[in-house]
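> Build the 3D model from these lines:
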Amino acid sequence: MTRAEAAPAPGPSSVTAVFVRLKLSLLRNGLRQSGGRRAAFVTSLVVALVFAALQLLGLIALRGHPHIESVIVLLVAVVALGWAVMPLFFPSGDETLDATRLVMLPLRPRPLVRALLAASLVGIGPLFTLCLLVGSVIALAHGVAATAVGVVAVALALLVCVALARAVAAANVRLLSSRKGRDLAVLSGLVIAVGAQLVNFGAQRLGASGLAQLAPVGDVLKWVPPASAIAAVDAVGAGAYGTAAAQLALSCAALAGLLALWARHLTRLMTAPDGSTLNAAEPSARRRGAGGLARLLPAGRTGTVMERSLRYVWRDPKTKAAWVTSLAIGLIVPVFNALQGTGSIYFACFAAGMLGVQMYNQFGQDTSAFWMVAATISDARDAYVELRGRALALLVITLPYAVLVTILTTALLGAWPRLPEVLGLSLALLGAMLATGAWTSARFPYSIPQEGYKNVAPGQAGLAWISIFGGMVAAALVCSPVIAVTIWLNVSAGGDRYSWLLLPLGAGYGASVGWAGLRLAAPRTAARLPEILTAVSKG
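Residues are numbered from 1 along each chain as shown. Okay, here's the model as predicted:
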């Protein structure tokens, strides 16, 4: 018998150990790539540990509070939700999420699930979740039996969270590795912004009315895995052993179901062909109807420029990210402040300001392809039509959105008599930002790298700051006559009777300064085409 014949076949435990070492190797090799990546990892680790320690101390300090169970089950449910959505918005955060890389390995689904589950427990996320779960058990456990159940509950809840993330990633791995999946990651900024505002809003409401209003939510969530596993600790401490057993059984059933779902998706990924591009060459109904938008746009160069700009918004990841962020913040700031009762009707102008920023650095999104645009500009007239088309494309989205946010903010605050003046001020600000944006696009262009997360090419950060913040200050100065009239009408006696005049005044002023800004920027754009091309091609 040869040595190869005598060697035992690798078992499930050895496969698991290999995958854990593989995960550690991926982390170690990733940190060796650059000092910036090492600094980002260390910073993330320190921030996560500090935040986890603070949460641990906070939960321990709440031990004995009458509503601590409701707080903890809600917290665990939110953490589980974060585990579920994180692979969708940050697919590149873990290289082992894409199981299609393991297709060529002779592995069966069950050993592979065990190995990947063990490897998933290595990282900052599992460590943070473990600290939170330990603090939750310490806050809830009363007695030896509750402490013993708490040890099981921590392990069970952590495994449910990890299995949930893996099942979601396996079910959507084809999407996450495609262009649409990368575009989905653009929405992460929107989710974070909305989530932060919701947390802020909820914290203020809880501070005003106390933790008692969490009780109805907690009564429901304590039967939802993995929060049910942690809630079982409190049930054991209260002597409700039957309730605790049922809650632990729910979490066990959820873990088993997630593992089975994960194994099924892994089997499909390992055996089924990738059909994501089978219909790529076939004309779809959407492509056949793509001319619908073009038929609604003006004829000639203006319509062509508008269509190109709108396609950038829809297809280019960096442009889409900027628009999604501006749309979200432009709505969140006025609406959430109005809901909290601390807002002002003038916060509605924030939408026009955030969207008007998209006019700045118009040529940067073209990158080196700007040479094709430059080749079609022979004089100031061509440059004016080019800038006008880009401004009109921006107005197609910005104008109705700014009006909608203004009306919504006014409705939430119940300040309908002041709607005309705020809407007029928003339109004037939007026109001023179009004017200054056209000028700064010609005077301070900079490149937007297509790869990576940076929105400015190295060495051009100063140009970006001057273009955006200098342009915003200039826009406020250009809009100052309408602002002055608004202040005068609000402080003068009987000015409310004439406040409605601010709507036509603001709309007319915004249109006038926007047109004047495009006219002034056109000759400079035509004269600086080589400089603009050089600046936007550095990325």
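> For residue 500, which non-adjacent residue is spatially closest?
Leaving aside its sequence neighbours, residue 500 sits nearest to residue 420 (CB to CB, 6 or more residues apart in numbering; 4.3 Å). The C-beta positions use only the backbone N, C-alpha and C, and glycine is treated the same way.
> For that neighbour, give me its contacts.
499-503 (CB atoms under 8 Å, 6 or more residues apart in numbering).
> PyMOL command for the buried members of those?
To isolate the buried members of the contacts of residue 420 in PyMOL, using 16 or more other CB atoms under 10 Å:
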select buried, resi 499+500+502+503
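> Among the contacts of residue 420, which lie within helices?
502-503 (DSSP state H).
> helix, strand or coil for residue 298?
Classification of residue 298 using DSSP: H, G, I helix; E, B strand; the rest coil returns coil.
> Helix, strand or coil: sort out the residue lying closest to it once chain neighbours are set aside for me.
Closest residue in space to residue 298, ignoring its immediate chain neighbours: residue 306 at 7.3 Å, by CB to CB, 6+ apart. Put simply, residue 306 is helix when judged by three-state DSSP.
> same check, this time on residue 456
Three-state call for residue 456 (three-state DSSP): coil.
> Just confirm it contacts residue 464, I think it does.
Yes: if you go by CB atoms under 8 Å, residue 456 and residue 464 touch, sitting 4.6 Å apart.
> who touches both of the two?
residue 446.
> For residue 407, which non-adjacent residue is closest in space?
The nearest residue in space to residue 407 (CB to CB, 6+ apart) is residue 419, at 7.0 Å.
> what's the burial count for that neighbour?
The tally of other residues near residue 419 (other CB atoms under 10 Å) stands at 19.
> And for residue 389?
22.
> and the gap between it and residue 172?
In this view, residue 389 and residue 172 are 38 Å apart by CB to CB, to the nearest Å.
> The residue nearest to residue 407 and residue 425, how far apart?
Counting by CB to CB, the gap from residue 419 to residue 425 is 11 Å.
> what's the answer for residue 418, then?
Residue 418 is 10 Å from residue 425, by CB to CB.
> More neighbours: which of these two?
Neighbour count, other CB under 10 Å: between residue 418 and residue 425, residue 425 has more, with 27 against 18.
> Tell me how far the more buried one lies from residue 351.
In terms of CB to CB, residue 425 sits 12 Å off from residue 351.
> what do you get for residue 437?
As for residue 437, its distance to residue 351 is 16 Å (criterion: CB to CB).
> now swap in residue 244 and tell me
Relative to residue 351, and taking CB to CB, residue 244 is found at 50 Å.
> What residues sit buried inside the host helix or strand of residue 256?
For residue 256, the host element (DSSP states H and E) is helix 241-271. Across helix 241-271, burial judged by 16+ other CB under 10 Å covers 243-244, 247-248, 250-252, 254-255, 258-259, 261-263, 265-266, 269-270.
> Let me see the mean pLDDT of that helix.
Averaging pLDDT along helix 241-271 gives 87.
> That helix - contacts with which helices or strands?
For helix 241-271, the packing partners by 3 or more CB pairs under 8 Å, 6 or more residues apart in numbering; DSSP states H and E come out as helix 109-120, helix 144-171, helix 227-237.
> Off-centre distance for it?
Computed by CA atoms, centre = their mean, to the nearest Å, the chain-centroid distance of helix 241-271 equals 29 Å.
> Determine the angle, from 0 to 180 degrees, between that helix and helix 227-237.
160 degrees (axes from the mean of the first three to the mean of the last three CA atoms, to 10 degrees).
> Now do helix 241-271 and helix 109-120, the angle between them.
Inter-element angle recorded for helix 241-271 and helix 109-120: 110 degrees (by the same axes, to 10 degrees).
> For residue 522, which residues are in contact?
Counting by CB under 8 Å, 6+ apart, residue 522 makes contact with 380-381, 383-384, 387.
> tell me the SS of it?
Of the three states, residue 522 takes helix under three-state DSSP.
> now do the one 10 residues further on
In the three-state summary, residue 532 is assigned as helix, counting by three-state DSSP.
> Skipping its backbone neighbours, what lies nearest it in space?
Excluding its sequence neighbours, the residue lying closest to residue 532 (CB to CB, 6+ apart) is residue 445, at 4.8 Å.
> Please report the distance of the one you found from residue 437.
Taking CB to CB, one finds residue 445 at 12 Å from residue 437.
> higher neighbour count, those two?
The neighbour comparison of residue 445 against residue 437 (other CB under 10 Å) goes to residue 437, with 31 against 26.
> The residue lying closest to residue 413 once chain neighbours are set aside: helix or strand, and which one exactly?
Nearest non-adjacent residue to residue 413, counting by CB to CB, 6+ apart: residue 338, 5.2 Å away. Assigned by DSSP H and E, residue 338 falls within helix 317-339.
> before we move on, the earlier item: could you verify my assumption that the residue nearest to residue 407 touches residue 409?
No: using CB under 8 Å, residue 419 is not in contact with residue 409, being 9.3 Å away.
> give me every residue that touches residue 509.
If you count contacts by CB under 8 Å, 6+ apart, residue 509 has them with 428, 431, 479, 481-482.
> care to break this protein down by domain?
Domain segmentation of the chain under automatic domain parsing yields 35-271, 299-536.
> Redo those as TSV? Include distance to residue 18.
Putting these into TSV (distance: least, CB to CB, whole Å) gives the following:
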stretch	distance to residue 18
domain 35-271	7
domain 299-536	32
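> Of these, which shows the lowest average pLDDT?
Lowest mean pLDDT of these: domain 35-271, a mean of 78.
> That one: how far from the chain's middle?
Domain 35-271 sits 19 Å away from the centroid of its parent chain (CA atoms, centre = their mean).
> going forward, begin numbering at 26 instead of 1
Noted, 26 is the first residue going forward, which turns the last one into domain 60-296.
> how close does the residue nearest to residue 432 sit to residue 481?
With CB to CB as the criterion, residue 444 and residue 481 are 38 Å apart.
> angle of the top helix by length along the chain against helix 342-364?
The single longest helix within the chain, with elements called by DSSP H, is helix 405-438. On the basis of the same axes, to 10 degrees, helix 405-438 is oriented at 30 degrees to helix 342-364.
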